[in-house]
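Visitor: Starting from these lines, generate the structure:
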Amino acid sequence: MIKAIILDIDGVIVGEKVGYNSPEPHPDVMVRMNQIKDSGVKIILCTAKPHFAIRNIIGGANLANPHITDGGGVLIDPITNKIVKKYALSDADARKVLKMCLDNDIYVEAYTEDEYVIQRSQVCDITDQHTHILQTEPLIVDDLLAFRGEITKIMPVVNGEEEKAKFAELFNSLGTDLTLNWGIHPIALPLLFGIITAKGISKKQGMLDILDSLGISSENALGVGDSNSDWQYMELCGSTATMANASDELKSKAAFTGGHVDENGVLDIFDSFFGEG
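Guide: So this is what the prediction gives:
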């Protein structure tokens, strides 16, 4: 029996058709999520985005439960503003990563619980694009290294797989205990978004923490994602599903594949596991 859905956002319920399913899901998807929630199934959004970027989705579907945000760095119910857990990076490690990015002219954003920060000298087209995705303006500072706040996530942005590999090499040379994962957004390709969190913190750990807080076993969860990295949490779920726009590798692992995100393919998943709405 499925008691919870661990639901990725970008590439699953948010696509690249601006005004149709971007920056927020299509109304039909919002209505269906609300119906499933009303049936007693918890819908737990699982994203690298900060909680303030998904408030409209949570409020629109009335998903009054904790969600996995900042790649697992902040587990929060934004409706009640109740934090289940928050994992901050050590100040020393955060400064190492930010300095490395700035020294190598790598675009980078630092996230706290309630805002994200960029250095004025790095403001560019990426800033505009990410502002659309997050639906929130960044805090712009003259010197990012002088910023003092409890950082829960650092997000470098690179262009394509070659730059991703170069970044990973630089990151590994720092010798920190931080965790690096990667994400994408359909409207931002070929840009790739690094997700740097505290040691061992990821969507997978976030899922385990939230399900534990709700008293739900992962065997009773449906994991839905669209990128290979999502398999980290999906593989622990009793049921799994992905999208037509996912990689062939992920589609070969998931038990069910719905339609394309830009055709509201998540509705196929909902209908398959919960009956037609």
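Visitor: Quick one: the helices in the stretch 1-150 of the chain, in order.
Guide: Counting by DSSP state H, counting those that start in this stretch, the stretch 1-150 of the chain forms helices over residues 27-38, 55-60, 91-103, 125-134, given from the N-terminal end onward.
Visitor: Can you name every helix or strand that the shortest one contacts?
Guide: The reference is to helix 55-60. Contacts of helix 55-60 with other secondary structure elements, assessed using 3 or more CB pairs under 8 Å, 6 or more residues apart in numbering; DSSP states H and E, are made with helix 27-38. (C-beta placed from N, C-alpha, C; glycine too.)
Visitor: If you count contacts, what does the helix it packs on end up packed against?
Guide: Packing partners of helix 27-38 (3+ CB pairs under 8 Å, 6+ apart): strand 42-46, helix 55-60, helix 266-274.
Visitor: could the helices of the stretch 1-150 of the chain be laid out in JSON lines, adding mean neighbour count?
Guide: Written out in JSON lines, the entries for those read as follows (neighbours: other CB atoms under 10 Å):
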{"stretch": "helix 27-38", "mean neighbour count": "17"}
{"stretch": "helix 55-60", "mean neighbour count": "17"}
{"stretch": "helix 91-103", "mean neighbour count": "17"}
{"stretch": "helix 125-134", "mean neighbour count": "15"}
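Visitor: TSV for the ones you listed, including mean pLDDT?
Guide: What follows is those, written out as TSV (pLDDT from 0 to 100):
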stretch	mean pLDDT
helix 27-38	97
helix 55-60	94
helix 91-103	97
helix 125-134	93
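Visitor: can these go into CSV with extra columns for distance to Ile210?
Guide: What follows is the helices of the stretch 1-150 of the chain, written out as CSV (distance: least, CB to CB, whole Å):
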stretch, distance to Ile210
helix 27-38, 15
helix 55-60, 14
helix 91-103, 24
helix 125-134, 22
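Visitor: Of all the ones you listed, which one is nearest Ala146?
Guide: helix 91-103 (10.1 Å; CB to CB).
Visitor: Need the contact partners of the closest one.
Guide: For helix 91-103, the external contacting residues (CB atoms under 8 Å, 6 or more residues apart in numbering) are 89, 106-108, 110, 119, 122, 144-145, 151, 154, 156, 170-171, 174, 176-178, 196.
Visitor: And those, which of them are buried?
Guide: Members of those that pass the buried threshold by neighbour count (16 or more other CB atoms under 10 Å) are listed as 89, 106-108, 110, 119, 122, 144, 151, 154, 156, 171, 176, 178, 196.
Visitor: the helices in the stretch 151-277 of the chain, which residues?
Guide: According to DSSP H, counting those that start in this stretch, the helices that the stretch 151-277 of the chain contains are 160-173, 203-214, 231-234, 248-253, 266-274.
Visitor: so can I have a markdown table of those helices showing mean pLDDT?
Guide: Rendered in a markdown table, the data for these read as follows (pLDDT from 0 to 100):
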| stretch | mean pLDDT |
| --- | --- |
| helix 160-173 | 97 |
| helix 203-214 | 95 |
| helix 231-234 | 96 |
| helix 248-253 | 97 |
| helix 266-274 | 97 |
